[in-house]
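Enquirer: turn this into a model:
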Amino acid sequence: ENLCDAQKKSALNYFKDGTIKYACPLLKIVLHVMAYGHYEGKSIHDPEIRALFTREAMLKSDWYKQRLVTKQQRDTVRLMSNIKALEDFMNRPGYAMEAARLGVHDRLNAAHKELARVSSDKYLEELVGTLGADPIVFDEA
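Expert: Residues are numbered from 1 along each chain as shown. You can find the predicted model right below:
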């Protein structure tokens, strides 16, 4: 009984502070059940609810696909930032020898290749089955 009360109290906090809006759909269902004993009038044992938790259903869901697109976008932005930093380093006056010693040109070529890879549709396919990235965007206050 104490465990159930603690779970309910924890789940209710997501509703009280508004962070429920940041939860993925499956977590929202679990938190609803923990807090209120049901989700849209259905228990966690309802076949319709349970079907949402299968691997196949998750992989087909829009929210999961958005996680993969978010991961791709973040990887692309990270690589573009890395490329700019490498180019800036190579272009600094007096750093040509240091850039050569560190293999910056080779690193830049590798970063360009990786950018092309992660920007492709094939990369999105490779991400299927991974966590992807949370598309959460916090409200600016």
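
Enquirer: could you check what's spatially nearest to H38, not counting adjacent residues?
Expert: H32 (7.1 Å; C-beta to C-beta, 6 or more residues apart in numbering). Every residue, glycine included, has its C-beta placed from N, CA and C.

Enquirer: hmm, Y39 and that neighbour touching each other?
Expert: Yes: taking contacts as C-beta atoms under 8 Å, H32 lies within contact range of Y39: 4.2 Å.

Enquirer: surely A133 meets T70?
Expert: Yes: A133 is within contact range of T70, at 4.4 Å (criterion: C-beta under 8 Å).

Enquirer: so in this protein, which helix runs the longest?
Expert: Using DSSP state H, we find that the single longest helix of the chain is helix 62-90.

Enquirer: tell me where this protein has helices.
Expert: 2-16, 25-36, 47-51, 55-60, 62-90, 96-101, 104-118, 121-127.
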